[in-house]
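A.B. asks: Requesting a structural model of the entry that follows:
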Amino acid sequence: MKAYSFIAGAIFLLILTSCAVAQQTVSFGQVARAGQVRPINFSQVTLTDDFWLPRIERVQVATLPVCIEQTEVKTGRMRNFEKAARREGKHEGIYFDDSDVYKVIEGMAYTLKSKRDSVLEQKADAWIDKIAAAQLPDGYLNTYYTLTGLDKRWTDMEKHEDYCAGHLMEAAVAYADATGKRKLLTVATRFADHIDSTFRLANRPWVSGHQEIELALVKLYHATRNDRYLKLANWFLEQRGKGYGKGAIWNNKTWGAAYCQDDVPVRQITDIKGHAVRAMYLYTGMADVAAETGDKGYIDATTRVWNDVVNRNMYVTGGIGSSVHNEGFTEDYDLPNESAYCETCASVGMVFWNQRMNAASGDARYVNVLERSLYNAALAGVQLSGDRFFYVNPLASAGNHHRKPWYGTACCPSNVSRLLPSLGGYIYATGPDALYINLYVASETTAKVSNRSIRVQQQSDYPWDGVIRIQLDPDQSGPFAVNLRRPDWCKTYRVLVNGKKVAFSEANAYLTIKRNWKKGDSILLTLDMPVEVVEADPRVKANIGKRAIQRGPLVYCLEEADHDSLTVDRASFSADTKFTAQFQPNLLGGITTIRASGSTGTYTLIPYYAWDNRQPGRMKVWIDWK
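C.D. replies: Predicted structure coming up:
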């Protein structure tokens, strides 16, 4: 078994050497014109996938009930809206708690599209009625300031008013897409109009303390086609790094401007700094605006910082943000394992950002990183039962780190509740003359390409198996391209159309088939999925002399449930270790385990996302190499 080099302990590119150090530099090349690559909306995709569909169903039966109970009964989040509607009462909780209500509604929306549920829909409608009642005549909506003093609104960048507004906008767009109901969308547009009228004026600077509104305004623009919101998103971005902000206060400490990415104008960003989630939302908004405008300054900046994140500051799991002290970044290659922070929300943000980078560029290398974060760091954030959550996702544990049913700052549970059921929106995209298949998830959709309607059906047992079957049924025969993402972990692959070899090209991590397609055409894509031994960049001190194991998109770990604590502590691999993969249908919801056998011992590895779902015990991703 050869050892593979893993750049920065995290980057997706596997290189066939144990000592070489390379830098993966991505540039957009010729800028895609605005709107060239468009993800197909989640509401147009039906999932049939054996891996993802049960998880989405558990959001409906387990995750959302936990979020609803916490929001309505165990905390004051919904009571705040009821009080704000009466304009009286004491605010309960934290000043940004409105955002969790909106994220749960967004999760409800995606879930209702997957499976209509009249009880859940009635609950969402009741919440929306209370939210609408709390909105002020001028469009302003924030329960904290309504109940603590409207004279103080828009005076403190760190109080997350615009952050909460952004989550309202995202929820409103999703709920309208899923149900056709526009009451919340009306609330959101009124609030957006209020913000625009308040801020986009001469000599009226403002910096968002916690980014989110930028990306949300672009979604609102897509839903309404009112370019007022796109211009406002761009305005928010342009406010940063000009001395208008005051820095953030968090954990009883005042942090500098870099903590919330306000140290330099966004076009001058070169490297990742500060709070990980805020950074992800900022870069997502920049990529969104760039996709609409072709703004080269935004494109260059997001490309530079993406290279810095992925090459020097990302874990093998796709997690980011190594430090608990600032919930973010310290210095390049600082990637500790047991003390890794890797907030679940930051991993969700990596999914958002990389999707937008793909849309802005038409480059599938971004989707490769999206996949790594999705299947590992983000998915680990929720228990297999769907009702307990990680806030922090370390790569090693002494047995004392476990998921919890809720947190005082509950951004992670509510973020999971909206990410998983929105998966359909990440699978397919379209261009003027091309269909893009970005994720290999069994599903169906109808795509519009080259003035024709194409029904697409995808079948696979991914991530356990690399055989993907795709059927295309265009309403009229004719030429267009089908772009199949080539995962970075896959070295060998085969492509057949209607059972025969065909000519295809490869660029930007896509396998492109251009031909005259007709109804009933089928594609068989086979991705070889061997076990990979991954070596960290030598500058990652925590992983010197260690290896990680990966198969397909999944990173694996050792867990005490399959061994004893001493075995996990002393585990090691060597050059003679042999790895075999076997699907275990009755283990942890059905997983492929990896058995490692050699002179240093015999071990069983499970996917990282599935750890801490049995009895408490030790866990590690990086294993000693003898």
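A.B. asks: per-residue confidence at K83?
C.D. replies: Per-residue confidence at K83 stands at 98 (pLDDT).
A.B. asks: what does the helix or strand where it lies rub up against?
C.D. replies: The secondary structure element spanning K83 is helix 77-86 (assigned by DSSP states H and E). For helix 77-86, the external contacting residues (C-beta atoms under 8 Å, 6 or more residues apart in numbering) are 70-72, 89-93, 97-98, 100-101, 127, 130-131, 133-134, 143-144, 146-147. No exception for glycine: its C-beta is placed from N, CA and C like everyone else's.
A.B. asks: Filter the residues you listed down to the buried ones.
C.D. replies: 70-72, 89, 91-93, 97-98, 100-101, 127, 130-131, 134, 143-144, 146-147 (16 or more other C-beta atoms under 10 Å).
A.B. asks: in this structure, what spans have low per-residue confidence?
C.D. replies: 1-35, 247-252 (pLDDT under 70).
A.B. asks: same thing but at 80, please
C.D. replies: 1-36, 246-255 (pLDDT under 80).
A.B. asks: center of it, which residue is that?
C.D. replies: Per C-alpha atoms, centre = their mean, the C-alpha nearest to the average position across the chain is that of V351, at 2.4 Å.
A.B. asks: follow-up on the earlier one: what angle do the following helix or strand past the helix holding K83 and helix 77-86 make?
C.D. replies: Next helix or strand after helix 77-86 toward the C-terminus (DSSP H and E): helix 98-114. Using axes from the mean of the first three to the mean of the last three C-alpha atoms, to 10 degrees, the direction of helix 98-114 lies 110 degrees away from that of helix 77-86.
A.B. asks: Which strands and helices lie in contact with helix 98-114?
C.D. replies: Applying 3 or more C-beta pairs under 8 Å, 6 or more residues apart in numbering; DSSP states H and E, one finds that helix 98-114 contacts helix 52-58, helix 64-69, helix 77-86, helix 118-134, helix 161-179, helix 411-419.
A.B. asks: quick one: that helix to helix 161-179, angle?
C.D. replies: For helix 98-114 against helix 161-179, the angle by the same axes, to 10 degrees is 10 degrees.
A.B. asks: domain ranges for the protein?
C.D. replies: Annotated domains of the chain cover 428-485+492-527, 547-625 [automatic domain parsing].
A.B. asks: Can you add distance to P394 and mean neighbour count and give those domains back as TSV?
C.D. replies: Shown next, in TSV, are those (distance: least, C-beta to C-beta, whole Å; neighbours: other C-beta atoms under 10 Å):
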stretch	distance to P394	mean neighbour count
domain 428-485+492-527	22	18
domain 547-625	8	19
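A.B. asks: Throw these into TSV and include distance to H402, thanks.
C.D. replies: Output for the domains of the chain, formatted as TSV (distance: least, C-beta to C-beta, whole Å):
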stretch	distance to H402
domain 428-485+492-527	25
domain 547-625	6
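A.B. asks: So for D387, which of those domains sits nearest?
C.D. replies: Checking these against D387 by C-beta to C-beta gives domain 547-625 as the closest, at 11.8 Å.
A.B. asks: which residues in the stretch 251-400 of the chain form helices?
C.D. replies: Secondary structure of the stretch 251-400 of the chain by DSSP state H, counting those that start in this stretch: the helices cover 276-293, 296-312, 344-361, 365-372.
A.B. asks: Make a markdown table from the helices and strands packed on helix 98-114 and add distance to P432 to it.
C.D. replies: What follows is the helices and strands packed on helix 98-114, written out as a markdown table (distance: least, C-beta to C-beta, whole Å):
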| stretch | distance to P432 |
| --- | --- |
| helix 52-58 | 29 |
| helix 64-69 | 38 |
| helix 77-86 | 44 |
| helix 118-134 | 36 |
| helix 161-179 | 23 |
| helix 411-419 | 29 |
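A.B. asks: tell me the SS of A596?
C.D. replies: Put simply, A596 is strand when judged by DSSP: H, G, I helix; E, B strand; the rest coil.
A.B. asks: if we can go back for a sec, which one of the helices and strands packed on helix 98-114 lies nearest to P553?
C.D. replies: Going by C-beta to C-beta, the one of those nearest P553 is helix 52-58, 12.5 Å.
A.B. asks: Which secondary structure elements does that closest one sit against?
C.D. replies: Using 3+ C-beta pairs under 8 Å, 6+ apart: helix 52-58 touches helix 98-114.
A.B. asks: What strands line up against the helix or strand encompassing T512, and which way round?
C.D. replies: Using DSSP H and E, T512 falls within strand 510-517. Partner strands for strand 510-517, per DSSP bridges, with pairing direction: strand 478-485 (antiparallel), strand 505-507 (antiparallel).
A.B. asks: Can you name the element that comes right after that strand?
C.D. replies: Toward the C-terminal end, the helix or strand that comes next after strand 510-517 (DSSP H and E) is strand 521-527.
A.B. asks: could you say what helices and strands that following strand packs with?
C.D. replies: strand 467-474, strand 478-485, strand 493-497.
A.B. asks: For the first one, C-alpha coordinates in PDB please.
C.D. replies: Output for strand 467-474, consisting of C-alpha atoms alone and laid out as PDB, is shown next (Å, rounded to 0.1, in the frame of the first residue of the first chain):
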ATOM      1  CA  VAL A 467     -21.200   2.900  -9.900                       C
ATOM      2  CA  ILE A 468     -23.600   5.700 -11.000                       C
ATOM      3  CA  ARG A 469     -26.300   5.200 -13.600                       C
ATOM      4  CA  ILE A 470     -27.900   8.200 -15.200                       C
ATOM      5  CA  GLN A 471     -30.800   8.200 -17.700                       C
ATOM      6  CA  LEU A 472     -31.600  11.300 -19.800                       C
ATOM      7  CA  ASP A 473     -35.000  11.900 -21.400                       C
ATOM      8  CA  PRO A 474     -34.900  15.200 -23.400                       C
END
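A.B. asks: Could I get the contacting residues of A192?
C.D. replies: 139, 165, 169, 217, 220, 228-229, 232.
A.B. asks: I am assuming D624 contacts S572, so please confirm or correct that.
C.D. replies: Yes - the pair D624 / S572 is scored as a contact, 4.0 Å apart, by C-beta atoms under 8 Å.
A.B. asks: so what sits against both of the two?
C.D. replies: With C-beta under 8 Å, 6+ apart, D624 and S572 have no common neighbours.
A.B. asks: for the strands paired with strand 510-517, which one sits closest to V540?
C.D. replies: Nearest of the strands paired with strand 510-517 (C-beta to C-beta): strand 478-485, 27.3 Å.
A.B. asks: L168 versus E121, what's the distance?
C.D. replies: Using C-beta to C-beta, to the nearest Å, E121 is found at 19 Å from L168.
A.B. asks: Can you list phi and psi of A581 for me?
C.D. replies: phi -110, psi 140 (degrees, to the nearest 10).
A.B. asks: Could you tell me which residues make contact with it?
C.D. replies: By C-beta under 8 Å, 6+ apart, the contact list for A581 reads 531, 551, 592-595.
A.B. asks: What distance do you get for it to E214?
C.D. replies: 42 Å.
A.B. asks: so which of the helices and strands packed on strand 521-527 comes closest to N586?
C.D. replies: Nearest to N586, of the helices and strands packed on strand 521-527 and by C-beta to C-beta, is strand 467-474 at 22.6 Å.
A.B. asks: Tell me which residues are up against that closest one.
C.D. replies: Outside strand 467-474, the residues touching it (C-beta under 8 Å, 6+ apart) are 435, 437, 440, 452-462, 480, 482, 517-527.
A.B. asks: what distance separates that strand from the centre of its chain?
C.D. replies: Relative to the centre of its chain, strand 467-474 is centred 26 Å away, using C-alpha atoms, centre = their mean, to the nearest Å.
A.B. asks: and the direction of it versus that of strand 521-527, what angle?
C.D. replies: Angle, strand 467-474 to strand 521-527, by the same axes, to 10 degrees: 160 degrees.
A.B. asks: Please identify the pairing partners of strand 467-474 and their relative orientation?
C.D. replies: Under the criterion DSSP bridges, strand 467-474 sits next to strand 452-460 (antiparallel), strand 521-527 (antiparallel) in its sheet.
A.B. asks: could I get those as CSV with distance to G285?
C.D. replies: Formatted as CSV, these follow (distance: least, C-beta to C-beta, whole Å):
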stretch, distance to G285
strand 452-460, 30
strand 521-527, 33
